[in-house]
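Q: Generate a structure from the sequence data that follows.
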Amino acid sequence: MPPRNLTPGEVAAIATALSANGATPFNTAGRPALRKILAVLRDVDADRARALAERIYLYDDKRLARPRPPLAVEDAILEGRVVTLSYVDRRGAVSDRTVEPLAVVGDAPYWYLWGSRSRSPSTTSRPS
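A: Numbers count the residues shown, from 1 in each chain. Now for the predicted structure:
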């Protein structure tokens, strides 16, 4: 059954958000999701959404480009796992920290991990 609650404009907005900056959390998950949405829309709505999206042009300012957060952090948020990170404090001291990622915060040109160190490391992964 088609997602009747999505208009062509809403689908075009999703497509625009995904194309605005490829370095956003869950962007790799967003593209297949958009394809799935388009696949279940009525043909006329999917065509209208594509036509709307083709009429949107974004200025790509390379100065604002930033690397995306590590996929391991995205996966840990999705799956409720903790991660072990190498942390460098302001004095340059390096330590490993096991944290539960709660969110990623983008403040151009950086990403910050918001997490908790209170959970036990029952299942951990190491971001690459």
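Q: and Thr7, how many neighbours?
A: By the other C-beta atoms under 10 Å criterion, the neighbourhood of Thr7 contains 14 residues. The way it works is simple: take the backbone N, C-alpha and C, and place the C-beta from them, glycine included.
Q: mind listing what it touches?
A: If you count contacts by C-beta atoms under 8 Å, 6 or more residues apart in numbering, Thr7 has them with Asp45.
Q: And the residue nearest the centre of the chain, its phi and psi?
A: Central residue of the chain (C-alpha atoms, centre = their mean): Pro25, 1.9 Å from the mean position. Per-residue torsions, Pro25: phi -60, psi 140 (degrees, to the nearest 10).
Q: With adjacent residues omitted, what lies nearest to it?
A: Spatial nearest neighbour of Pro25, chain neighbours left out: Val104 (5.0 Å); criterion: C-beta to C-beta, 6 or more residues apart in numbering.
Q: what are the ranges of the helices in the chain?
A: For the chain, the helices defined by DSSP state H cover 8-20, 27-40, 43-54, 71-79.
Q: So what's the predicted local confidence for Tyr57?
A: Looking at Tyr57, its pLDDT is 65.
Q: oh sorry, the question was meant for Pro2
A: For Pro2, pLDDT reads 53.
Q: can you redo the helices of the chain as a markdown table with mean neighbour count and mean pLDDT?
A: Listed next are those as a markdown table, based on neighbours: other C-beta atoms under 10 Å; pLDDT from 0 to 100:
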| stretch | mean neighbour count | mean pLDDT |
| --- | --- | --- |
| helix 8-20 | 17 | 80 |
| helix 27-40 | 14 | 86 |
| helix 43-54 | 15 | 85 |
| helix 71-79 | 17 | 80 |
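Q: Next, format these as JSON lines and append distance to Gly92.
A: Shown next, in JSON lines, are the helices of the chain (distance: least, C-beta to C-beta, whole Å):
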{"stretch": "helix 8-20", "distance to Gly92": "35"}
{"stretch": "helix 27-40", "distance to Gly92": "32"}
{"stretch": "helix 43-54", "distance to Gly92": "46"}
{"stretch": "helix 71-79", "distance to Gly92": "23"}
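Q: Looking at those, spot the one closest to Ser95.
A: Ser95 lies closest, by C-beta to C-beta, to one member of the helices of the chain: helix 71-79, at 17.9 Å.
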